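What follows is a predicted structure for the sequence shown.
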Amino acid sequence: MTSPTLFPVPEELARTAWIDEEKYESLYHLSIKDPEAFWGEQGKLVTWIKPFTKVKDVDYTGDVRIRWYYDGTLNVSANCIDRHLALRADQTAILWEGDDPKDHKHVSYSELHENVCRLANVLKKRGIKKGDRVTIYMPMIPEAAYAMLACTRIGAIHSVVFGGFSPESLVGRIQDCDSNCIITTDEGLRGGRKIPLKANVDEALTRCPSVKTCIVVKHTGGKINWVEGRDHWYHEELSQVGRDCPPVEMNAEDPLFILYTSGSTGKPKGVLHTTGGYLVYAAMTHRYVFDYHDGDIYWCTADVGWVTGHSYILYGPLANGATTVMFEGVPNYPDASRFWQVIDKHQVNTFYTAPTAIRALMREGEGPVKKTSRQSLRLLGSVGEPINPEAWLWYHRVVGDERCPIVDTWWQTETGGILISPLPGATALKPGSATKPLFGIRPEIVDANGNVLDGACEGNLCIADSWPGQMRTVYGDHKRFAATYFSAYKGKYFTGDGCRRDEDGYYWITGRVDDVINVSGHRLGTAEVESALVAHAKVAEAAVVGYPHDIKGQGIYAYVTLNAGEQPSEALRKELVNWVRKEIGPIASPDLLQFAPSLPKTRSGKIMRRILRKIAENEYGNLGDISTLADPAVVKDLIDNRMNRG
Ligand code: PRX
């Protein structure tokens, strides 16, 4: 394979960035040779109440134990707010841009402080204590950030559930962590449409008796149902408490948050992150990957319901005293120029988004981009899924006017922060490659037998040693944690991703190698969609796979076998798609749904997904060995009636 064009580091950045090429090489070398020394030094990025003397205690074998900075104490909200007040009380901490282009708001660090302290006092008044789980189900409004930070102030563990998830998904996430309080909003707004968040909460809470308190932010003013004694208006509660709330001293290894994410099995798992290591890692990576300097206006377009929102809208930027933009809307409302207009309006310097958004906007042509200036932009970022070189080049040429480097950041909910990414002042870029590991990260590519491969190669991506931002456990199920991530390859963290390393040592993520699919940058387990489908009364069996999709990266392809006596029809197809939408949320709606009289199985009854994937990809000429099938005739029917003929 010929090497793609290299995009060199812009000269000015090489001079001004925190990290240039030489520094990257030497610090990377040190971080691998002496992790204790390197991470001990990085630990100073945060302010400790009691400084740590122990840096690292990690064992990837047996039960798996991961501890960082574990005799230190600190408070996350104090690090993200209080410690900046002396210098930045009046600086904008959160720059909120509403769904409606007429709405925006600057929240200064001192206003952030007051709001967070008051809400923390409300939580205390309502009996929420250190270690309690608080569910947050909110749109992208500053109150979502106050809610997260208020939890950290009193040591409660937050579990943010993306506002696009259904009541059913919310129930699962509340029950799993036995949360006793939920913070929500009357309604969300996206692209001019209202999202009935409180109504979803009402439906969910009928099955969640653990939740005694529901705090409701008035956002749209829409009409909502009210349960006396359980529901409380946010604004009324805030007005009844003081603005003084000392931060609680937390151990570095006290839990900070749970975030549910999809895996190979049906039930999403509660990824648990802890306090000290996570914050150090979020702060360090935000500073170096985005080359963050005082005064920069930084915009990450993710939702706080995903890990990107946690680490790179909230915790990383605020720990660094940044101005972080929080956007309630969508890229194409009121029109396809919105992102670029917001960049001009707020003079954004760093812009971090997902390939799916870039591909969707690319389809609209250059016009909507070119009618804006974008002169403030210095750096672009990409996250969530592999970015195809075509989209990368468009992003670079059209959005960044060939002036701005692109940091293609590879990481996961589990990793807490970015692990593989260019550093803008240090790394020459190759479109489509996440390039090089960050400090302290030891990627290894292994073959199916666990042999570590050298040089240019392709295989499964593992990480050989820990880093402070790594998840510590699956909430309530440490065995599952060890089995999911540390059993496939002994002594290594297995990412679930496939990866190629080229002759220059650059990493190219090729996508998931397990039964997880990535739809518009959202991670979904095929088993979750299958469980939803078989929960429908007319469905006997279902198998779900991903297939290449121009905009979404991967689309969802469902094969459904109906119960005896049920007839396939267009109406039923729609009904099933809507059913999944209602069970999980709109992001999980199958793009293509094929009725299959039966599914291809081995003689022992195992569904042969490899075949289903090939047919979904319209690559049915190349099915490989099908001699182990119980009934090879099944395949012909599937091919004849395939839904993807593109
Ligand atoms: O497959 C990888 C893909 O997204 C997965 C992690 O998804 P999630 O936990 O939801 O976190 C998304 C935001 C960090 C990974 O296993 N992925 C993420 N970033 C990239 C990526 N694939 C390729 N390139 C990336 N930059």
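Good, I have the coordinates.

Which positions in this protein make contact with the ligand?
261, 307-308, 383-386, 408-413, 434, 495-497, 509, 511-512, 518, 523 (Cβ under 6 Å from any ligand atom). For every residue, glycine as well, the C-beta is placed using N, CA and C.

Show me the residues you listed that map onto strands.
Of these, the ones assigned to strands by DSSP state E are Thr261, Val383, Asp408, Thr409, Thr495, Gly496, Asp497, Ile509, Gly511, Arg512, Asn518, Arg523.

farthest pair in the residues you listed?
Maximum pairwise distance in these, criterion Cβ to Cβ, is 20.8 Å, between Thr261 and Asp408.

more crowded one of the two?
Set Thr261 next to Asp408 and count neighbours by other Cβ atoms under 10 Å: Asp408 wins out with 27 against 19.

ok, now which ones touch that one?
Counting by Cβ atoms under 8 Å, 6 or more residues apart in numbering, Asp408 touches Gly381, Ser382, Val383, Ile387, Trp392, Ser421, Pro422, Leu429, Gly432, Ser433, Ala434, Thr435.

got it, and Glu366?
Glu366 neighbours (Cβ under 8 Å, 6+ apart): Val398.

give me that answer again for 10 Å
Going by Cβ atoms under 10 Å, 6 or more residues apart in numbering, Glu366 touches Trp394, Arg397, Val398, Val399.

out of those, which are inside helices?
Trp394 (DSSP state H).

Considering the contacts of Glu366, which possesses the most neighbours?
Highest count within the contacts of Glu366 by other Cβ under 10 Å belongs to Val399, 25 neighbours.

helix, strand or coil for the nearest residue in space to Leu74 that is not next to it in sequence?
Spatial nearest neighbour of Leu74, excluding adjacent residues (Cβ to Cβ, 6 or more residues apart in numbering): Trp48 at 4.9 Å. Three-state assignment for Trp48 (DSSP: H, G, I helix; E, B strand; the rest coil): coil.

Tell me, how many residues neighbour the residue of the stretch 251-400 of the chain found nearest the ligand?
Closest residue of the stretch 251-400 of the chain to the ligand, Cβ to the nearest ligand atom: Pro386 (3.9 Å). For Pro386, the neighbour count with other Cβ under 10 Å is 21.

Across the sheet, point out what pairs with the closest residue to it other than its chain neighbours.
In this structure, Pro386 finds its nearest non-sequential neighbour in Ile509, 5.4 Å apart by Cβ to Cβ, 6+ apart. Beta-bridge partners of Ile509, counted by DSSP bridges, are Cys499.

contacting residues for Ile509?
By Cβ under 10 Å, 6+ apart, the contact set of Ile509 is 385-387, 408, 410, 420, 432-434, 461, 495, 497-500.

Helices of the stretch 451-600 of the chain, start to end?
Under the criterion DSSP state H, counting those that start in this stretch, the stretch 451-600 of the chain contains helices at 478-486, 526-534, 570-583.

could you give the angle of the longest one to helix 526-534?
An angle of 120 degrees separates the directions of helix 570-583 and helix 526-534 when computed by axes from the mean of the first three to the mean of the last three Cα atoms, to 10 degrees.

Would you mind pulling up the elements that helix 570-583 packs against?
On a contact count with 3 or more Cβ pairs under 10 Å, 6 or more residues apart in numbering; DSSP states H and E, helix 570-583 meets helix 167-177, helix 526-534, strand 539-549, strand 553-562, strand 592-595.

any chance of those in a markdown table, plus mean pLDDT and mean neighbour count?
Shown next, in a markdown table, are these (pLDDT from 0 to 100; neighbours: other Cβ atoms under 10 Å):
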| stretch | mean pLDDT | mean neighbour count |
| --- | --- | --- |
| helix 167-177 | 97 | 21 |
| helix 526-534 | 96 | 22 |
| strand 539-549 | 97 | 21 |
| strand 553-562 | 97 | 24 |
| strand 592-595 | 98 | 20 |
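
Dump these into TSV; add distance to Gly585 as well.
TSV is the format used below for the helices and strands packed on helix 570-583 (distance: least, Cβ to Cβ, whole Å):
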stretch	distance to Gly585
helix 167-177	6
helix 526-534	10
strand 539-549	15
strand 553-562	12
strand 592-595	17
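
now for these, which one comes closest to Met471?
Evaluated with Cβ to Cβ, the helices and strands packed on helix 570-583 place helix 167-177 nearest to Met471, the distance being 14.4 Å.

How far off centre is the closest one?
Relative to its chain's centre, helix 167-177 lies at 18 Å (Cα atoms, centre = their mean, to the nearest Å).
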